[in-house]
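Enquirer: Make a model of this:
(one chain, ligands or ions: 1)
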Amino acid sequence: MPEAVVTMDGWYCLHDFRSVDWTAWKYASNEDREEAINEFKELIGQWEETERSKEGSHALYTIVGQKADFMMMILRPTMEELNEIETAFNKSKLAEFTKPSYSYVSVVELSNYMGSANEDDPEIQARLRPTLPKWNHICFYPMDKRRQGNDNWYVLEKDERAKLMYAHGMTGRQYAGKIRQIITGSIGFDDWEWGVTLFAHDVLQFKKLVYEMRFDEVTSRYGDFGSFYIGNILKPDAVEQFLQV
Ligand code: VOV
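Expert: Here you go, the predicted model:
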């Protein structure tokens with residue numbers, strides 16, 4: 001029987017996508033809008049404090065296209081904290097003017113295919129509990145490894161999977177400095193097996209990387225993908241401008 005790979009798991013992760021009800025927002029009083037914006041900025045301020053004390057991290061991006069208007073990606077040591085943050089947003093004034101459009105629950109995951117990684121290594125610790133980059137663009141999508149006929153990832157021996165993952169890593173390494181990837185595992189947590197979150201300075205690099213990886217066997221034979229979300233950074237001091245009507 002093929003052997004499962006040992007995973008190292010870090011911070012829990014919530015991708016929370018919201019759409020703004022622009023009509024209700026436009027009809028709201030100036031006071032209500034101001035209150036909603038201030039309260040939201042306070043929430044972001046709390047997240048920033050947590051990030052400074054290395055007890056979590058977050059990313060805030062506007063989403064291009066009709067799937068959502070903005071997304072909050074939150075990393076925390078426990079699932080409970082993710083729930084608290086989600087609920088705090090739901091109770092906020094801004095939530096009265098937004099609708100949930102999609103969410104994804106997972107945990108930062110490193111798969112130790114080479115078996116050489118030591119969880120106590122500070123470098124590994126930093127990857128399991130990362131401070132998310134505040135780069136210009138984000139790309140998120142969930143994915144599965146295929147289990148279909150002859151293309152079944154889960155019947156491959158570990159050595160074979162490790163070989164394919166090595167080739168995958170080599171393709172990815174060409175994008176060092178251009179793209180940062182955060183792989184989160186979601187088996188048992190959400191509808192797909194992994195969440196893929198990519199950060200880039202230049203948005204076109206997402207297309208180049210994702211296209212190039214389509215030719216890697218691990219993707220061409222074994223990759224199945226959900227919806228893609230693409231966004232631009234929303235810095236805290238740009239929140240007002242984004243919500244200005
Ligand atoms: C910057 C790009 C980049 C780089 C350098 C990179 C490297 C690596 C390495 C070295 C490893 C294995 C060890 C580990 O760290 O876990 C992985 C692991 C993984 N990857 Fe990856 N990946 C990238 C990027 C990258 C992308 C764009 C995708 C989506 C696939 C695509 O076709 O759209 C992806 C997927 C994954 C997944 C689902 C896993 C876990 C698979 C499992 O079965 O456990 N990944 N990945």
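Enquirer: rest of the way, CA atoms for contacts and neighbours
Expert: Noted.
Enquirer: For the residue lying farthest from the centre of the chain, grab phi and psi.
Expert: Here the chain reaches farthest from its C-alpha mean at S29, the gap being 34.0 Å by Cα atoms, centre = their mean. Main-chain torsions, S29, degrees, to the nearest 10: phi -70, psi 160.
Enquirer: Please name the nearest non-neighbouring residue to the residue positioned nearest the centre of the chain.
Expert: Nearest to the mean C-alpha position of the chain, counting by Cα atoms, centre = their mean, stands T197 at 4.1 Å. Sequence neighbours aside, F140 is the residue nearest to T197 in space, at 4.5 Å (criterion: Cα to Cα, 6 or more residues apart in numbering).
Enquirer: residues from this protein in reach of the ligand?
Expert: 110-112, 165, 169, 172-173, 175, 179-181, 194, 196, 210, 213-214, 219 (Cα under 6 Å from any ligand atom).
Enquirer: Apply 5 Å and report the result again.
Expert: L110, S111, G169, G172, R173, I179, V210, M213, T219 (Cα under 5 Å from any ligand atom).
Enquirer: Going by neighbour count, which of these comes out on top?
Expert: Within these, most neighbours by other Cα atoms under 10 Å means I179, with 23 neighbours.
Enquirer: My read is that that one contacts Q205, right?
Expert: Yes. Between I179 and Q205 there is a contact under Cα atoms under 8 Å: 7.2 Å.
Enquirer: Which SSE is immediately downstream of the one helix or strand L14 maps to?
Expert: Assessed by DSSP states H and E, L14 sits inside strand 7-20. From strand 7-20 onward toward the C-terminus, using DSSP H and E, the following helix or strand is helix 22-27.
Enquirer: Can you give the distance of that next one from its chain's centre?
Expert: Relative to its chain's centre, helix 22-27 lies at 29 Å (Cα atoms, centre = their mean, to the nearest Å).
Enquirer: Can you name the element that comes right after that helix?
Expert: Later in the chain than helix 22-27, the nearest helix or strand by DSSP H and E is helix 30-52.
Enquirer: got the CA positions of the helix or strand following that following helix in PDB?
Expert: Downstream of helix 30-52, the first helix or strand assigned by DSSP H and E is strand 57-63. Extracted C-alpha coordinates of strand 57-63, given in PDB (Å, rounded to 0.1, in the frame of the first residue of the first chain):
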ATOM      1  CA  SER A  57      -0.800  37.300   9.900                       C
ATOM      2  CA  HIS A  58      -3.300  38.600   7.400                       C
ATOM      3  CA  ALA A  59      -3.700  39.900   3.800                       C
ATOM      4  CA  LEU A  60      -6.300  42.200   2.500                       C
ATOM      5  CA  TYR A  61      -7.000  42.400  -1.300                       C
ATOM      6  CA  THR A  62      -9.700  43.700  -3.600                       C
ATOM      7  CA  ILE A  63     -11.000  41.100  -6.000                       C
END
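Enquirer: related to what we said a few turns ago, got the contact list for the residue nearest to the centre of the chain?
Expert: I138, C139, F140, Y141, Q181, I182, I183 (Cα atoms under 8 Å, 6 or more residues apart in numbering).
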